[in-house]
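K.L.:
with the input below, show me the fold.
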Amino acid sequence: MAEPIQVDFSGRGDNGRKKEVKRISVIPPERAGLRILLSAIGAVITALVAFYVMLPPLNFKAQEFYLYLGICIGSFVALLFLLCGASSKPEYVPFVRKTARIPIALIVVIALFFGAAWAISSPFFQARRYHELMPVQTDASFDHYLAEADFSAIPRLDADAAMIVADRALGDLADYVSQFTISDSNTQINYQNKPVRVVPLAYADLIKWFVNTREGLPGYIIVDMANEVSKFVKLEHRIRYSDEEHFGKLLKRHLRFEYPTYLFSAMNFEIDDDGNPYWVVPRMDKTIGLLGGEDVIGIILVDAVTGECVEYNMEQVRTLTELQWIDRVFTADLLTAQFNFFGKYVHGFWNSLLGQKDVRAATEGYAYIAKDDDVFKYTGVSSVTADQSIIGFTIINQRTKEAHFYRVNGATESSAETTAKGLVQAQGWTTTFPLLINVSGQPTYFLSLKDNSGVLQGYSMINVKDYNKIKVWAETVAACKELYLAAITAEGIQSPDEQPDTSEQPDDQPALDQEQVAKGAISDIRTAVINGNTTYYIQLEGGVDYYVLTAALHPNVVLLSRGDAVAITFAPMKESNILRASKIEWPLER
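P.N.:
Okay, here's the model as predicted:
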């Protein structure tokens, strides 16, 4: 019978003394130095390729720069692991771990540094500076700041409808329709005192790019937002630099190689007063700590044909006459974010979470207003504790960041959309985003009504304050305006300019706030249905004024005909020929 195996677990030898346990040494692979060198070279190549593809700004204020550093350092560790064959030979793992200690420590340090910089730059520590990012004038008066609406220049198309019009314009060009399509990089600007959207072209696909890139993009499309027409502008020298290109002519890559450390925002396609195409590229900076308070500090103006870049600071953008054609420097998203900081941190960080005193925020969605040859972004403002209605509007210049807030209680933009859709519920139409306009001193939402194919079918106007009462629609802008003016007149609403002024009136003249009586035969009578009530507009022979009455308050008005002699009691209104009547008497003897 075999002897049992004796195993000594005591750690002592035959002489009873404790054995010395030897540590396993790090085993390097063959040609370890060469493998480290190849890993470093591979990391450098990875860094170059990653820079070419990712195009990160080489700037510690850019979040993507930290990701780029992590990829570069991590690639060295990954390549060393692969070149040493550590996956199949575990004995080399200690060598890789030891060699990668410094790179791994760098990644940890970078991550900790980024976290600390982010925390220090956050509103928790910097709430007051976030609040001050956008100075907002809060004593603005609506009717003085926003001029009476010019209905010939009101944008009737939104971005989606404008793209449909632009696509049709391109479809009419037989030479280009198979090679090009419209680009998503379109911008609403003021051009020759008209609100237009400029739409550059894009290559239809990669093969079309390969065939046409040597010559470039042949032109752009201008869509008149007010008249709903478009035209293609063919350029003598084609566009060579855009976000539709590849390699060195890709706009973002062209800029990154010119300015490797700069931070950029969205690149806007615009045209100057002569129709020459440019890219307006905002240069950004982080103004709070290292990573917070993003703001525009200047622009890079890129010639879309030659690629020439010229840098301007914000003071030059605001003051130089030759740059007045530029409309879009601050993106709508950045302006919304900065205004929300202004409203959220008005009394510090903790108030924004707990008491929320005076805290306000922009409503969802926004639109653009043309004013003084600039483009203004506007949006409603609501209290964070009552977001079903607005407490005012904010209007911000997209070129200079000049911001105004004025108070008015009323409907949100989404409520206006719902109201307008309700007016045409039977037709099943949708609406554009409400556009804020001034009609007779009244804040008014103007919406275009679209069918399912995006074609405009009508227009709606809704009073911001009294959106449940004053809401009309018609198939033409002129008819819609007439109905709206009649509706606000019927409700007894007067603009500030229409308020009675009796201070200088002669004694023999009646005061404007005193009712007067007009007598005569009816020469014209018209009707409209407003808020479910039939409204009558009556004109007397020899006069130009129309007197407004509703059948609900004056039932006998439904029996009137042309030629009937009547006496109408009315309240005069300054500079208006639509007068609200309070009484009508008939028949009268002529």
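K.L.:
pLDDT weak spots in the chain?
P.N.:
Along the chain, segments meeting pLDDT under 70 span 1-25, 140, 143-144, 386-387, 493-514, 529-533, 573-576, 589-590.
K.L.:
tell me the centre residue of it?
P.N.:
Central residue check for the chain by C-alpha atoms, centre = their mean: the C-alpha nearest the mean position is that of A332, 3.4 Å away.
K.L.:
quick check: chain neighbours aside, which residue is closest to that residue?
P.N.:
Using C-beta to C-beta, 6 or more residues apart in numbering and skipping residues adjacent in sequence, the residue nearest A332 is K377, 4.9 Å away. Backbone N, C-alpha and C define where each C-beta goes, glycine included.
K.L.:
got the contact list for the helix or strand containing the one you found?
P.N.:
K377 is located in strand 374-383, with elements delineated by DSSP states H and E. Residues outside strand 374-383 that contact it (C-beta atoms under 8 Å, 6 or more residues apart in numbering): 188-190, 195, 327-328, 332, 335-336, 339, 343, 359-363, 365-370, 388-400, 405, 412-413, 436.
K.L.:
now find how far off-centre it is within its chain.
P.N.:
10 Å (C-alpha atoms, centre = their mean, to the nearest Å).
K.L.:
buried set for that strand?
P.N.:
Going by neighbour count (16 or more other C-beta atoms under 10 Å), the buried part of strand 374-383 is 374-383.
K.L.:
over to stretch 248-268?
P.N.:
249-251, 253-256, 259, 262-265, 267-268.
K.L.:
distance to A147 and secondary structure for those - can I get that in JSON lines?
P.N.:
Below are those laid out as JSON lines (distance: C-beta to C-beta, whole Å; DSSP: H, G, I helix; E, B strand; the rest coil):
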{"residue": "K249", "distance to A147": "43", "secondary structure": "helix"}
{"residue": "L250", "distance to A147": "42", "secondary structure": "strand"}
{"residue": "L251", "distance to A147": "36", "secondary structure": "helix"}
{"residue": "R253", "distance to A147": "43", "secondary structure": "helix"}
{"residue": "H254", "distance to A147": "41", "secondary structure": "helix"}
{"residue": "L255", "distance to A147": "38", "secondary structure": "helix"}
{"residue": "R256", "distance to A147": "42", "secondary structure": "helix"}
{"residue": "Y259", "distance to A147": "40", "secondary structure": "coil"}
{"residue": "Y262", "distance to A147": "38", "secondary structure": "coil"}
{"residue": "L263", "distance to A147": "37", "secondary structure": "strand"}
{"residue": "F264", "distance to A147": "35", "secondary structure": "strand"}
{"residue": "S265", "distance to A147": "30", "secondary structure": "coil"}
{"residue": "M267", "distance to A147": "31", "secondary structure": "coil"}
{"residue": "N268", "distance to A147": "26", "secondary structure": "strand"}
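K.L.:
distance of the closest residue in space to A411 that isn't next to it in sequence from L80?
P.N.:
Using C-beta to C-beta, 6+ apart and skipping residues adjacent in sequence, the residue nearest A411 is Y467, 3.9 Å away. Noted for Y467: a distance of 67 Å to L80, by C-beta to C-beta, to the nearest Å.
K.L.:
among those two, which residue is more densely surrounded?
P.N.:
L80 (25 against 20; other C-beta atoms under 10 Å).
K.L.:
for the host helix or strand of that one, packing partners?
P.N.:
L80 belongs to helix 63-83 when elements are defined using DSSP H and E. With contacts taken as 3 or more C-beta pairs under 8 Å, 6 or more residues apart in numbering; DSSP states H and E, helix 63-83 sits against helix 32-54, helix 93-99, helix 101-120.
K.L.:
distance between it and the chain's centre?
P.N.:
The answer for helix 63-83 is 36 Å, by C-alpha atoms, centre = their mean.
K.L.:
restricting to C-alpha, output that helix in PDB.
P.N.:
Extracted C-alpha coordinates of helix 63-83, given in PDB (Å, rounded to 0.1, in the frame of the first residue of the first chain):
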ATOM      1  CA  GLN A  63     -15.400  69.900 -22.700                       C
ATOM      2  CA  GLU A  64     -14.600  67.900 -25.900                       C
ATOM      3  CA  PHE A  65     -10.900  68.600 -25.300                       C
ATOM      4  CA  TYR A  66     -10.900  66.500 -22.200                       C
ATOM      5  CA  LEU A  67     -12.500  63.600 -24.100                       C
ATOM      6  CA  TYR A  68      -9.900  64.100 -26.800                       C
ATOM      7  CA  LEU A  69      -7.100  63.800 -24.200                       C
ATOM      8  CA  GLY A  70      -8.600  60.700 -22.700                       C
ATOM      9  CA  ILE A  71      -8.800  59.000 -26.100                       C
ATOM     10  CA  CYS A  72      -5.100  59.900 -26.900                       C
ATOM     11  CA  ILE A  73      -3.800  58.600 -23.500                       C
ATOM     12  CA  GLY A  74      -6.100  55.600 -23.400                       C
ATOM     13  CA  SER A  75      -4.900  54.600 -26.900                       C
ATOM     14  CA  PHE A  76      -1.400  54.200 -25.600                       C
ATOM     15  CA  VAL A  77      -2.500  51.800 -22.900                       C
ATOM     16  CA  ALA A  78      -4.700  49.900 -25.300                       C
ATOM     17  CA  LEU A  79      -2.000  49.500 -27.900                       C
ATOM     18  CA  LEU A  80       0.600  48.400 -25.300                       C
ATOM     19  CA  PHE A  81      -1.800  45.800 -24.100                       C
ATOM     20  CA  LEU A  82      -2.300  44.500 -27.600                       C
ATOM     21  CA  LEU A  83       1.400  44.600 -28.700                       C
END
